[in-house]
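S.K.: A structural model of the following input is requested.
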Amino acid sequence: MAVRYGDDEIARVLTKLKRRTATGKRWNALRVQSVRQHHGIAGQRRSTPDPEILTLAQAARHGGVSDTTIRHLVDADLLERNQVAPWAPWEIRRSDLDAEQIRSILARVRETGKLDLGGDRSGGQAPLFQ
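M.R.: Numbers count the residues shown, from 1 in each chain. Prediction:
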């Protein structure tokens, strides 16, 4: 994580994972920086943005839709996301968002307000009314 994310983001992830320092303290940016320097791990205080990699919120803004829509696209395996560790930010490639299929789905969502991924999702569910 130290290559892409800042000490503050690493501390947030370590805290979410319920990890503690050797002395039992919670992680913060200063403690992460101290450990990095002690062990000679390269890194930075603040995250360095990569214009080709977007977080969930950035992907939603880029597509002009909500983050829930982006989550649904990921759940439907239409959009790929990476995550270097649990609780780390999602990484979505800008090129994946700009693919023709995803652009057309997002355009339809902006026009209609509805995300239709096609197909009947009821599975083996019994009908409510005969």
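S.K.: hey, let's count contacts and neighbours off CA atoms from now on
M.R.: Noted.
S.K.: mark out where each domain of this protein begins and ends.
M.R.: The chain resolves into domains spanning 1-48, 53-112 when parsed by automatic domain parsing.
S.K.: out of those domains, which is closest to residue 129?
M.R.: domain 53-112 (27.7 Å; C-alpha to C-alpha).
S.K.: buried residues, stretch 82-101. List them.
M.R.: Burial within stretch 82-101, assessed by neighbour count using 16 or more other C-alpha atoms under 10 Å, is assigned to 88-94, 96-97.
S.K.: could you dump those to JSON lines with distance to residue 1 and secondary structure?
M.R.: Compiled in JSON lines, these are given as follows (distance: C-alpha to C-alpha, whole Å; DSSP: H, G, I helix; E, B strand; the rest coil):
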{"residue": "88", "distance to residue 1": "9", "secondary structure": "coil"}
{"residue": "89", "distance to residue 1": "10", "secondary structure": "coil"}
{"residue": "90", "distance to residue 1": "12", "secondary structure": "coil"}
{"residue": "91", "distance to residue 1": "12", "secondary structure": "strand"}
{"residue": "92", "distance to residue 1": "16", "secondary structure": "strand"}
{"residue": "93", "distance to residue 1": "17", "secondary structure": "strand"}
{"residue": "94", "distance to residue 1": "20", "secondary structure": "helix"}
{"residue": "96", "distance to residue 1": "22", "secondary structure": "helix"}
{"residue": "97", "distance to residue 1": "23", "secondary structure": "helix"}
